[in-house]
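# quick one, fold the following:
(one chain, ligands or ions: 1)
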Amino acid sequence: MSESGISRIFVAGAGLMGSGIAQTAVQRGLQVLLYDALDGAADTAVGQIQKRLERAEQSQRIPVGAAASSAALLKAVALPSAADQSHLVIEAISEQIDIKLAFWSQMEGICPPEVLFTSNTSSIPITRLAAATRRPDRFMGMHFYSPVPVMELVELVRGLVTSESTYATVEQLALEMGKVPVCSTDSPGFIGNRILIPFLNEAMLALQEGVGTASDIDQVARLGFRHPMGPLELADFIGLDVVLGICRVMHQGLHDPRYAPNPLLERMVEAGRLGRKSGRGFHEYPG
Ligand SMILES: NC(=O)c1ccc[n+]([C@@H]2O[C@H](COP(=O)([O-])OP(=O)(O)OC[C@H]3O[C@@H](n4cnc5c(N)ncnc54)[C@H](O)[C@@H]3O)[C@@H](O)[C@H]2O)c1
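Numbering: from 1, shown residues only. Next up, the predicted model:
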């Protein structure tokens, strides 16, 4: 048994983040049940993860045999009740408070009291989600960065009443998953989005005011600041709907105009230009 004592994880949400978290966990020897409310989504994600692992093995990024041994630890499940045998739940479902509150009250009914609960929310207060359960001391934030198998950082977020032992166990698990944990209080956007959102907003404002083209704005950050991606490219990568949601929650929480959603961002989301996932955002992604 590992130092954290956690070997069975239930990951809810088989989208971009949930599938990345599931892949990372099985690559580190943890057993994962992957669940999504959308019919077939977890099966599709498991198939995609298997393909990614096979490609990693073919290109010698992981040892021979590792794809099969990791894949054997991963299973798609169709019902949330499968969470009852897990040591820990990681929730990576859609960033909508009502959906998350309903999910957590459902989990409270399914999981024995000792099961630890964590949310990958980008912007919803952990303390608010924890209040949907009867175990707020065993609830905290585990905010991974995308793409999860590649990015080392995880922000660990203490809710108001998260216990020391919950924090220590989840911190140990984060290390066992190969991540570098940092600790944040339950402040809107935690540390990462607090810094990132004003940066993205300023880039959108510069575009709106015609200070530079989208390509030139991104080029400045890439070549001038050595960022691997420019801010508009990064917003496209995250998903403009996701960025908009984060801005709204942070603006409401911090009452600071630096976090107010940029009107151009709002229009783009209304027009269905969601970034990479819809083929077009600030840049175009043919195919
Ligand atoms: N996209 C990012 O870069 C990023 C980074 C860090 C954190 N996050 C957070 O991670 C979470 C997931 O984001 P994502 O980008 O993976 O979203 P996504 O839209 O790719 O995936 C969300 C998945 O949740 C599923 N879902 C919705 N309601 C559900 C329910 N009740 N039970 C089970 N599954 C349900 C959806 O069917 C969908 O497959 C959000 O809270 C988001 O804020 C996102």
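
# alpha carbons only for contacts and neighbour counts from here, please
Noted.

# for residue 45, helix, strand, or coil?
helix (DSSP: H, G, I helix; E, B strand; the rest coil).

# what's the pLDDT at the residue of the stretch 151-287 of the chain found nearest the ligand?
Nearest residue of the stretch 151-287 of the chain to the ligand: residue 238, at 4.3 Å (CA to the nearest ligand atom). On the pLDDT scale, residue 238 is placed at 91.

# what does residue 188 give?
89.

# so it makes contact with residue 127?
No - when contacts are counted by CA atoms under 8 Å, residue 188 is not listed as touching residue 127 (11.1 Å).

# what's the domain layout of this structure?
8-184, 192-278 (automatic domain parsing).

# nearest to residue 285, of those?
domain 192-278 (6.1 Å; CA to CA).

# up against the ligand, what does the stretch 51-200 of the chain have?
92-95, 99, 103, 120-122, 143-146 (CA under 6 Å from any ligand atom).

# give me the buried entries from those.
Buried members of those, counted by 16 or more other CA atoms under 10 Å: 92-95, 103, 120-122, 143-146.

# columns distance to residue 166 on top of those residues, output as TSV?
Formatted as TSV, those follow (distance: CA to CA, whole Å):
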residue	distance to residue 166
92	19
93	22
94	24
95	23
103	20
120	16
121	18
122	20
143	15
144	18
145	21
146	24
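
# quick one: the helices in this protein, in order.
Assigned by DSSP state H, the helices in the chain fall at 16-27, 41-58, 66-71, 97-110, 126-130, 164-176, 192-208, 214-219, 231-238, 240-254, 263-270.

# and the worst-scoring helix or strand of the chain on mean pLDDT, what's buried?
Every helix and strand in the chain was compared by mean pLDDT, DSSP states H and E; the lowest is helix 240-254, with a mean of 91. Within helix 240-254, the residues that count as buried by 16+ other CA under 10 Å are 240-247, 249-251, 253.

# do the same with stretch 115-134
Residues of stretch 115-134 classed as buried: 115-127, 129-133 (neighbour count, 16+ other CA under 10 Å).

# what ranges of the stretch 51-200 of the chain fall below the confidence cut-off?
Of all residues in the stretch 51-200 of the chain, none has pLDDT under 70.

# next one: the residue nearest to residue 258 when sequence neighbours are not counted from residue 141, what distance?
On the basis of CA to CA, 6 or more residues apart in numbering, the spatially nearest residue to residue 258 that is not a chain neighbour turns out to be residue 198, at 5.6 Å. Between residue 198 and residue 141 the distance is 22 Å, computed by CA to CA, to the nearest Å.

# these two: which is more packed in?
A count of neighbours by other CA atoms under 10 Å puts residue 141 above the other of residue 198 and residue 141, at 33 against 17.

# quick one, what contacts the nearest residue in space to residue 146 that is not next to it in sequence?
Leaving aside its chain neighbours, residue 146 sits nearest to residue 17 (6.7 Å; criterion: CA to CA, 6+ apart). Contacts for residue 17 (CA atoms under 8 Å, 6 or more residues apart in numbering) come out as 92, 144, 146-148.

# of those, which belong to strands?
residue 144 (DSSP state E).

# quick one: which of the contacts of residue 17 is nearest the ligand?
Distances from the ligand to the contacts of residue 17, taken by CA to the nearest ligand atom, are shortest for residue 92, at 4.0 Å.

# need the contact list for the closest one.
11-15, 17-18, 119-121 are the contacts of residue 92 under CA under 8 Å, 6+ apart.

# now these in JSON lines, with distance to residue 179?
Below are these laid out as JSON lines (distance: CA to CA, whole Å):
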{"residue": "11", "distance to residue 179": "17"}
{"residue": "12", "distance to residue 179": "20"}
{"residue": "13", "distance to residue 179": "20"}
{"residue": "14", "distance to residue 179": "20"}
{"residue": "15", "distance to residue 179": "20"}
{"residue": "17", "distance to residue 179": "15"}
{"residue": "18", "distance to residue 179": "16"}
{"residue": "119", "distance to residue 179": "16"}
{"residue": "120", "distance to residue 179": "14"}
{"residue": "121", "distance to residue 179": "17"}
